[in-house]
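>>> Have a look; sequence and predicted model below, questions after that.
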Amino acid sequence: MTLSLNKFLFSISFALDLAESEIKCTSSKHSKRVAYICLKMAEILGLSAKEKFDLCSYSLLHDNGLIESFCNFTSEYKSNRSQDYFELINFAEHCVIGENNTKEFPFLTKQENVILYHHENFDGSGLFGKKADEIPLFAQLISFADTLDTNFDLLKISFDKKELILNYVIENENILFSKKIVETFKILSESFLFWGDLEYFDEVNPLEKILPNFSIEVSLEKFLSITKIFSKIIDGKSKFTAKHSVDLEEKSLKLVEYFNLDEETKLKIQIASNLHDIGKLGTPNAILDKEGSLTNQELFEIKKHAYLTHSILSKLENFNDITKWASAHHEKLDGSGYPFGLTSNELGLEERIVSCLDFYQALVEDRPYRNSMSHNDAISILRKNLSDYKIDIDIVNAIDIVFND
């Protein structure tokens with residue numbers, strides 16, 4: 001199976017941007033602007049096409065650890081304010097989490113500790129005290145671009161601002177940045193195209209235009225291992241879903257084996273289970289972690305996640321089945337589900353397996369408004385939905401048999 005790494009990368013980065021925009025004190029598409037600055041620097045430095053692709057990948061993924069780290073913060077401090085997070089948390093935590101999360105990503109070249117050290121300063125005053133050549137070049141570039149986008153509004157560029165940024169970079173030579181980084185940026189800063197692309201970033205979408213195209217042949221088994229990266233990131237969004245996608249994938253394997261489905265379908269359902277809630281990266285933590293009943297507006301907001309899952313996964317080629325099955329996990333047989341309002345004749349066995357299992361898994365997990373239910377209590381609620389013709393009786397019976405320990 002051919003996987004376009006570009007389309008995969010940009011679909012995942014869209015999901016991460018949804019989550020990170022809630023946390024970071026920067027405007028949206030921060031990671032994409034970081035990646036663009038890094039790639040423009042890489043052109044001057046003469047990096048290879050594969051190195052550029054990996055640099056872009058690391059740039060887009062550099063803050064993925066913020067999601068779980070922010071969840072840890074909200075649990076400990078009972079606050080959803082991003083300002084409090086940056087004042088109180090051990091900021092190095094997100095670097096460690098992010099580095100561990102991406103170990104299975106299909107990078108094209110061998111790099112080490114890029115995400116771990118992306119907040120190091122050249123003089124050793126960063127989070128881990130690394131300095132000079134102890135900091136990988138990719139990490140130096142990401143730190144440089146991250147610093148620019150965090151400290152300056154790059155959505156509105158004037159001559160004075162351009163000069164202000166350039167002077168800031170020069171003043172921080174051998175402090176924040178190496179001489180090599182500073183000299184490279186001096187060259188880049190002479191490009192009017194560079195500044196124009198930053199100011200009109202949303203309109204011209206310059207990153208996708210300059211990133212080299214790469215596709216790889218990947219087995220479903222390998223892609224399953226890749227999706228585990230993102231199920232960890234998704235589950236890290238809230239302490240109440242800390243193992244939801246992982247557990248759903250494990251249960252889906254047992255259920256498809258019960259139904260004796262073929263190997264390809266089995267793997268696709270596992271992948272769909274890993275990615276079904278990727279749209280929840282766009283749901284505010286204040287809603288996911290709310291202890292009381294949700295308002296109509298909050299219910300409307302949380303329902304967007306299934307639509308976002310479809311929007312994110314539909315960008316991938318050759319994954320139509322996975323996209324359909326993952327996106328349909330809140331559809332009901334009577335057409336009352338969302339986001340598409342599909343009915344029984346539009347929902348195959350695969351969609352029904354993912355949706356019924358997701359329902360069951362949510363019931364046997366803790367939620368902010370209730371404790372986890374026993375297997376028997378969860379099955380009772382599933383059977384109640386049978387009478388309303390919302391879910392499939394054969395799958396409910398199978399869940400009862402397979403998971404009645």
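Okay, I see it. Everything quoted here is computed from the prediction, not taken from an experiment.

>>> Leu148 - that's part of a strand, no?
No - using DSSP: H, G, I helix; E, B strand; the rest coil, the assignment for Leu148 is helix, not a strand.

>>> In this model Ile37 seems to touch it, though I could be wrong.
Yes - contact criterion CB atoms under 8 Å: Leu148 and Ile37 qualify, at 6.4 Å. Every residue, glycine included, has its C-beta placed from N, CA and C.

>>> neighbour count winner among those two?
Ile37 (26 against 18; other CB atoms under 10 Å).

>>> Reduced to three states, what does the more buried one come out as?
helix.

>>> How about the one 10 residues further on?
Applying three-state DSSP to Leu47 yields a three-state assignment of coil.

>>> Not counting sequence-adjacent ones, nearest residue to it?
Using CB to CB, 6 or more residues apart in numbering and skipping the chain neighbours, the partner closest in space to Leu47 is Leu55 (6.8 Å).

>>> Might you report the residue contacts of the one you found?
By CB atoms under 8 Å, 6 or more residues apart in numbering, the residues touching Leu55 are Ala35, Cys38, Leu39, Ala42, Leu47, Phe138, Leu141, Ile142.

>>> The last one: what's it in contact with?
If I follow you right, that is Ile142. Ile142 touches Val34, Cys38, Leu55, Tyr58, Ser59, His62, Val114, His118, counting by CB under 8 Å, 6+ apart.

>>> residues in contact with the residue nearest to Leu288 when sequence neighbours are not counted?
Excluding its sequence neighbours, the residue lying closest to Leu288 (CB to CB, 6+ apart) is Ser238, at 4.3 Å. Ser238 is in contact with Cys71, Asn285, Leu288, Asp289, counting by CB under 8 Å, 6+ apart.

>>> go again using 10 Å as the cut-off
67-68, 70-71, 74-75, 244, 280, 283, 285, 287-289, 367-368 (CB atoms under 10 Å, 6 or more residues apart in numbering).

>>> now, which of the residues you listed sits nearest Asn404?
His244 (20.5 Å; CB to CB).

>>> Not counting its neighbours along the chain, what's nearest the closest one?
Here the residue nearest His244, using CB to CB, 6+ apart, is Asp235, at 5.6 Å.

>>> got the contact list for the one you found?
67-68, 71, 241-248, 274, 277, 280.

>>> Looking at the residues you listed, which is nearest Ser225?
Asn274 (9.9 Å).
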